[in-house]
Each structure stands twice: as C-alpha cells, then as structure tokens.
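Sharing a model prediction with you, sequence too.
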Amino acid sequence: MKKQENNLGLMLTYLEELIASKKKGKSSGYTHKLIKGNINKVIQKVGEESTEVIIEATLKNKKKNNL
C-alpha cells in the first residue's frame, strides 16, 4: 500500500507543478485561460473531470470483476 500512496503523492505533486507552470506562462492555451479566469469555471471543470474519472474507474472495476 505504501508504494501506491507514494505514486499518488508523486502524481499530485506533478499535477500541482504543471498547473503552476501553466498559470505563470504566457500561453494562450485553454488551461491558462481557465486558471486566469473565473474560479467558478475552474471548479466546474474539476467537477466534470472528476466525474469522468469515477465513471471510468467504476467501469474498469466492473469489467475486472466480470472476467
């Protein structure tokens, strides 16, 4: 279990650094615009992406258990 926790920690650290770099950048990309804009849009996007992750994880778990 410790290894999975470490991997999760590394992933979260990577994502935090990636978002910070996009926030500081001069990009005109979607993520940069989203971060620089309305916090409600950021919250909405995080909710949408979280829902997609949960659905995919549930489907994979069902497929795994049906094998």
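The structure has been received and is ready for your questions. Numbers count the residues shown, from 1 in each chain.

Which elements pack onto the top helix by length along the chain?
Secondary structure of the chain per DSSP state H: the longest helix is helix 39-66. Here helix 39-66 touches helix 30-36, going by 3 or more C-beta pairs under 8 Å, 6 or more residues apart in numbering; DSSP states H and E. The C-beta positions use only the backbone N, C-alpha and C, and glycine is treated the same way.

For the helix it packs on, buried residues please.
By neighbour count, with 16 or more other C-beta atoms under 10 Å as the criterion, the buried positions of helix 30-36 are 31, 32, 34, 35.

Output those in a markdown table, with pLDDT and distance to residue 56 appended to each entry.
Output for those, formatted as a markdown table (pLDDT from 0 to 100; distance: C-beta to C-beta, whole Å):
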| residue | pLDDT | distance to residue 56 |
| --- | --- | --- |
| 31 | 80 | 21 |
| 32 | 80 | 26 |
| 34 | 84 | 22 |
| 35 | 82 | 24 |
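
Looking at those, which is nearest residue 47?
If you rank those by distance to residue 47 using C-beta to C-beta, residue 34 comes first, at 13.0 Å.
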